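Engineer: generate a structure from the sequence data that follows.
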Amino acid sequence: MKPIPISAAKHIADTYDYDQVIIVARQVGEKGGEHCTTYGKDKTHCDIAARCGNFLKYKIMGWHVESTKEPHADLP
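Structural biologist: This is a model prediction of the structure:
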């Protein structure tokens, strides 16, 4: 399981004309896990998408803050 880069979310936004994209991916089974990537076309939309992603991760999917990686760890 590999993290989904922000560039993939940007590609979806550009291709389908969206301001914000939130991707939630799951791999089930013994080696399973979950990943969430967000993108916004500008600072305001980025912030809103990130807040939506955090709501999904922590309130819906039950992630624990201490077990998550640093935000934007996939950026150069």
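
Engineer: give me the contacts around stretch 6-22.
Structural biologist: Under the contact criterion Cβ atoms under 8 Å, 6 or more residues apart in numbering, stretch 6-22 has outside partners 23, 36-41, 45, 48-49, 52-53, 56, 72, 74-75. Yep, even glycine has a C-beta here, placed from its N, CA and C like the rest.

Engineer: and the closest residue to residue 41 other than its chain neighbours, how many neighbours?
Structural biologist: Distances taken as Cβ to Cβ, 6 or more residues apart in numbering put residue 19 closest to residue 41, at 5.2 Å, once the chain neighbours are dropped. Residue 19 sits with 14 neighbouring residues when counted by other Cβ atoms under 10 Å.

Engineer: please point out which parts of the helix or strand hosting residue 36 sit buried.
Structural biologist: Element membership of residue 36, judged by DSSP states H and E, is strand 33-40. By neighbour count on 16 or more other Cβ atoms under 10 Å, the buried set for strand 33-40 is 36-40.

Engineer: now stretch 17-32
Structural biologist: Residues 18, 20-22 are the ones in stretch 17-32 that count as buried (16+ other Cβ under 10 Å).

Engineer: remind me which helix or strand residue 21 belongs to.
Structural biologist: Per DSSP H and E: strand 20-27 holds residue 21.

Engineer: check the offset of that strand from the chain's centre.
Structural biologist: The chain centre lies 5 Å from the centre of strand 20-27; the measure is Cα atoms, centre = their mean, to the nearest Å.

Engineer: average pLDDT for that strand, rounded please.
Structural biologist: What strand 20-27 shows for mean pLDDT is 96.

Engineer: for stretch 37-53, same thing?
Structural biologist: 96.

Engineer: alpha carbons only: can I get it in CSV?
Structural biologist: Output of stretch 37-53 as CSV, limited to C-alpha atoms (Å, rounded to 0.1, in the frame of the first residue of the first chain):
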residue,chain,number,x,y,z
THR,A,37,-5.3,12.7,0.5
THR,A,38,-6.8,16.2,0.1
TYR,A,39,-6.3,19.0,-2.4
GLY,A,40,-7.7,22.5,-2.8
LYS,A,41,-7.1,24.8,-5.7
ASP,A,42,-6.0,27.7,-3.5
LYS,A,43,-5.2,28.3,0.2
THR,A,44,-8.8,28.7,1.2
HIS,A,45,-10.0,25.5,-0.6
CYS,A,46,-7.0,23.6,0.6
ASP,A,47,-7.8,24.4,4.2
ILE,A,48,-11.5,23.4,3.8
ALA,A,49,-10.5,20.1,2.1
ALA,A,50,-8.0,19.4,4.8
ARG,A,51,-10.7,20.0,7.5
CYS,A,52,-13.1,17.7,5.7
GLY,A,53,-10.4,15.0,5.4
